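Novice: next one to model:
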Amino acid sequence: MTIRTLQQNDNEQLALLIQTSLASLGLDKAGTAYYDPQLKYLSSYYEQLSDACYWVIEYQNKIIGGIGIAPLEAMPKVCELQKLYVDSNFQGQGLSKKLMDTALDYAYKHYEACYLETHTTLTNAWHLYEKYEFKQLKQPLINSEHNAMDLWYYKELN
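Specialist: Sure thing, here's the model as predicted:
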């Protein structure tokens, strides 16, 4: 298994992984990443942003996980942790932690804080964020297109 930056030829596999993961949890609906307009072109999306990156886990020529860091709109010193997904066949192997470590190592070099949005049904995800000392917020920091998300977290990166 290799963690590396997202490449253009990964876009289709990654979009399928994200949409399959969300559908399996009943989150294939408006207000989630399932319908993000840039979903099928994530490599281009992250390339055009400054201080942003998306990493994937590749195993036997298949994308089985991914995570991104991007600047948070209108808050230049804050990044957003985005689109953490691991194929259901590979969960429970510590891959989410490896992705989190990769993304947060990058975030510490470029930002002062990190924000994320998630959903209460994604229990494993928010437990992971809390292990990384993200603190739950009472409301979102921004109005995003992900209005179906109902949990928001923030972490200082000092």
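
Novice: the longest helix anywhere in the chain: which residues count as buried?
Specialist: The longest helix of the chain (DSSP state H) is helix 95-110. Across helix 95-110, burial judged by 16 or more other CB atoms under 10 Å covers Leu95, Ser96, Lys98, Leu99, Met100, Thr102, Ala103, Leu104, Tyr106, Ala107. Quick note: C-beta positions are derived from backbone N, CA and C, even for glycine.

Novice: cool, stretch 131-148 as well?
Specialist: Residues of stretch 131-148 classed as buried: Tyr132, Phe134, Leu141, His146, Ala148 (neighbour count, 16+ other CB under 10 Å).

Novice: next: stretch 50-59.
Specialist: Those would be Ala52, Cys53, Tyr54, Trp55, Val56, Ile57, Glu58, for stretch 50-59 by 16+ other CB under 10 Å.

Novice: so which residues make contact with that stretch?
Specialist: The set of residues external to stretch 50-59 that reach it, using CB atoms under 8 Å, 6 or more residues apart in numbering, is 1-6, 10, 14, 42-43, 46, 63-71, 79, 82-83, 86, 90, 95, 98-99, 102-103, 106, 110-111.

Novice: how far does the helix or strand containing Tyr85 sit from the chain's center?
Specialist: Using DSSP states H and E, Tyr85 falls within strand 75-86. Remark: strand 75-86 is offset 6 Å from the chain centroid, using CA atoms, centre = their mean, to the nearest Å.

Novice: can you list the low-confidence ranges for the protein?
Specialist: Within the chain, the segments meeting pLDDT under 70 span 145-147.

Novice: roughly how far apart are the nearest residue to Leu81 once chain neighbours are set aside and Cys79?
Specialist: What sits nearest to Leu81 in space, not counting adjacent residues and going by CB to CB, 6 or more residues apart in numbering, is Leu116, at 4.2 Å. Distance, Leu116 to Cys79, using CB to CB, to the nearest Å: 9 Å.

Novice: just checking, Lys29 touches Thr121?
Specialist: No: the pair Lys29 and Thr121 fails to qualify as a contact (CB atoms under 8 Å) at a distance of 11.8 Å.
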